[in-house]
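[1] Structural data only, the sequence is not supplied:
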Ligand SMILES: Nc1ccn([C@@H]2O[C@H](COP(=O)(O)OP(=O)(O)OP(=O)(O)O)[C@@H](O)[C@H]2O)c(=O)n1
Ligand SMILES: [Mg+2]
């Protein structure tokens, strides 16, 4: 296949390919950017592979950085924002199921493409638009199939994360996993435990955000992969229910909130669950708030105070996760109509209360402000300074 027009994302990098080629070596665009171009999907990172050895690449350009020199990767800064150029290589050893013991630089494109994970990821695009397809990647794209390059057992033994990548691509691209590749995943699913949780985490979240996430999750159940990631193994019936329901998620908070809500987790359980997945603290906090609101929605017990405390973005997250939209239809409007959205909008401060002689600086000040904030949110006190001062005086007299 010959691409008539090379997409604009590649243009800035074309001088790099031309320079390497004019020095007598081969150079190609490879990996995800080629796959996504042919599938007419947005491209993120543009990777380049070459027959030139790293020292030869470095000799050709003025500004280079050794970003991964031991496995053959050099970043070239001469053109545009920086492009990673990696020498064709073969890999061997893989005693730990995640990275090779030995990388050997080679001059042959075929050898390089042979060690890649799936046929759709083993395509090379030349500067003139010619696509090299040695393993039927183009045909598999047409048939919408994820197929391992060569023997799936070998590919998954080399890097067990590839099993999660297969599931992620199936969900993201709405592709089917070819039978032998699928059998390879079932056979080797336990190898996933050898992989750093952070890497499985990335693939799992991407999978759950894909267009066919129900299918992706279902494949994790059918192949037993779910038993070899943190916590999910104990929740098969709940996961089956999630698979059977339709869901459409747009960020990581929603992914974890859906699971935690369906698993019936308390805040403490959510924290333990997500720490096992090495999730960022900010995400954990947002999930706790989102799930708190989800349970309130389920109980038909959403107060203004809950909406206020959960915050705008997590109200949106809860709405996205809740399957029953009749229960959430009025929430955006209710949120918008809250008298205040955050503490800063309160028309009073501790300083003003002190200045007006309502009370002296003391630990009680915080209590008074909390009282005012909660009652403004609940609509019981108007958010005007005079009213707030009056309410503070009354509160102190009652106390
Ligand atoms: N475990 C892996 C990871 C990557 N690759 C190869 O390296 C390329 C680039 O890897 P990466 O950027 O991690 O994935 P992409 O396929 O580019 O997917 P994404 O769009 O998420 O970047 C892949 O296309 C594939 O050829 C591989 O063979 N095995
Ligand atoms: Mg990529």
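    Arrived safely. Here the structure is a predicted model, which means the values were calculated and not measured. Residues are numbered from 1 along each chain as shown. Ligands and ions are numbered 1, 2, ... in the order given.
[2] so what's residue 148 up against?
    117-119, 155-156, 162, 166, 178, 180-181, 184 (CB atoms under 8 Å, 6 or more residues apart in numbering). Any C-beta I mention is one placed from the backbone N, CA and C, and that applies to glycine too.
[3] If we check ligand 1, which of these are in contact?
    Contacts with ligand 1 are made by 117, 162 out of the contacts of residue 148, judged by CB under 6 Å from any ligand atom.
[4] Nearest to residue 280 among the contacts of residue 148?
    residue 162 (24.9 Å; CB to CB).
[5] by contact count, what packs against the helix or strand harbouring that closest one?
    Per DSSP states H and E, residue 162 falls inside helix 161-173. When contacts are defined as 3 or more CB pairs under 8 Å, 6 or more residues apart in numbering; DSSP states H and E, helix 161-173 packs onto strand 145-146, helix 152-158, strand 176-177, helix 179-188, helix 197-208, helix 213-222.
[6] nearest spatial neighbour of residue 224, skipping sequence neighbours?
    residue 189 (4.4 Å; CB to CB, 6 or more residues apart in numbering).
[7] Give me the local confidence score for the one you found.
    Looking at residue 189, its pLDDT reads 98.
[8] if we can go back for a sec, out of the helices and strands packed on helix 161-173, the one nearest ligand 2 is which?
    Minimum separation from ligand 2 across the helices and strands packed on helix 161-173 (CB to the ion) falls at helix 197-208, 11.5 Å.
[9] nearest spatial neighbour of the closest residue to ligand 1 within the stretch 201-350 of the chain, skipping sequence neighbours?
    Among the residues of the stretch 201-350 of the chain, residue 206 lies nearest to ligand 1; the distance is 7.0 Å by CB to the nearest ligand atom. Using CB to CB, 6+ apart and skipping residues adjacent in sequence, the residue nearest residue 206 is residue 168, 4.9 Å away.
[10] For the chain, which residues are neighbours of ligand 1?
    With CB under 6 Å from any ligand atom as the criterion, the chain meets ligand 1 at residues 31-32, 44-45, 47, 116-117, 121-122, 159, 161-162, 165.
[11] what do you get if the cut-off is 5 Å, keeping everything else the same?
    31-32, 116-117, 121, 159, 162 (CB under 5 Å from any ligand atom).
[12] can you narrow those to ones near ligand 2?
    residue 32 (CB under 5 Å from the ion).
[13] neighbour-wise, which of the residues of the chain next to ligand 1 leads?
    Neighbour tally across the residues of the chain next to ligand 1 (other CB atoms under 10 Å): the maximum, 27 neighbours, falls on residue 162.
[14] neighbours of the residue nearest to residue 224, just the number please.
    By the criterion of other CB under 10 Å, residue 189 has 20 neighbours.
[15] still on that earlier bit, using a markdown table, lay out the residues of the chain next to ligand 1 together with secondary structure.
    Shown next, in a markdown table, are these (DSSP: H, G, I helix; E, B strand; the rest coil):
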| residue | secondary structure |
| --- | --- |
| 31 | coil |
| 32 | helix |
| 116 | coil |
| 117 | coil |
| 121 | helix |
| 159 | coil |
| 162 | helix |
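[16] and the two most separated of the residues of the chain next to ligand 1?
    So, the residues of the chain next to ligand 1 by CB to CB: farthest apart are 32 and 159, at 15.4 Å.
[17] one step back: make CSV from the helices and strands packed on helix 161-173 and add mean neighbour count and distance to ligand 2 to it.
    Formatted as CSV, those follow (neighbours: other CB atoms under 10 Å; distance: least, CB to the ion, whole Å):
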stretch, mean neighbour count, distance to ligand 2
strand 145-146, 22, 16
helix 152-158, 19, 17
strand 176-177, 22, 19
helix 179-188, 18, 20
helix 197-208, 20, 11
helix 213-222, 21, 18
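[18] and residue 333, backbone torsions?
    phi -70, psi -40 (degrees, to the nearest 10).
[19] picking that back up, please give me every residue in contact with the residue nearest to residue 206.
    Contacts for residue 168 were tallied using CB under 8 Å, 6+ apart; they are 203-204, 206-207, 210, 216.
[20] With pLDDT as extra columns, can I get those residues in TSV?
    Below are these laid out as TSV (pLDDT from 0 to 100):
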residue	pLDDT
203	98
204	98
206	98
207	98
210	98
216	98
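[21] Just the closest of those to residue 372, please.
    Residue 372 has its nearest neighbour among the contacts of residue 168 in residue 204, at 43.5 Å by CB to CB.
[22] can I assume that closest one is in contact with residue 228?
    No - when contacts are counted by CB atoms under 8 Å, residue 204 is not listed as touching residue 228 (11.5 Å).
[23] Report the contact partners of the residue of the chain found nearest ligand 2.
    In the chain, the residue that lies nearest ligand 2 is residue 32 (3.4 Å; CB to the ion). Neighbouring residues of residue 32 by CB under 8 Å, 6+ apart: 43-45, 47, 121.
[24] could you flag which of these are buried?
    43, 47, 121 (16 or more other CB atoms under 10 Å).
[25] With respect to residue 332, which of the residues you listed is nearest?
    residue 43 (34.0 Å).
[26] which ones are touching that closest one?
    With contact set as CB under 8 Å, 6+ apart, residue 43 has these partners: 7, 9, 32-33, 36-37.
[27] Now with 10 Å, please.
    The contact partners of residue 43, by CB atoms under 10 Å, 6 or more residues apart in numbering, come to 7-10, 29, 32-37.
[28] Format these as JSON lines; extra columns: secondary structure and distance to residue 379.
    Below are those laid out as JSON lines (DSSP: H, G, I helix; E, B strand; the rest coil; distance: CB to CB, whole Å):
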{"residue": "7", "secondary structure": "coil", "distance to residue 379": "54"}
{"residue": "8", "secondary structure": "helix", "distance to residue 379": "53"}
{"residue": "9", "secondary structure": "helix", "distance to residue 379": "52"}
{"residue": "10", "secondary structure": "helix", "distance to residue 379": "57"}
{"residue": "29", "secondary structure": "strand", "distance to residue 379": "59"}
{"residue": "32", "secondary structure": "helix", "distance to residue 379": "52"}
{"residue": "33", "secondary structure": "helix", "distance to residue 379": "54"}
{"residue": "34", "secondary structure": "helix", "distance to residue 379": "58"}
{"residue": "35", "secondary structure": "helix", "distance to residue 379": "54"}
{"residue": "36", "secondary structure": "helix", "distance to residue 379": "50"}
{"residue": "37", "secondary structure": "helix", "distance to residue 379": "55"}
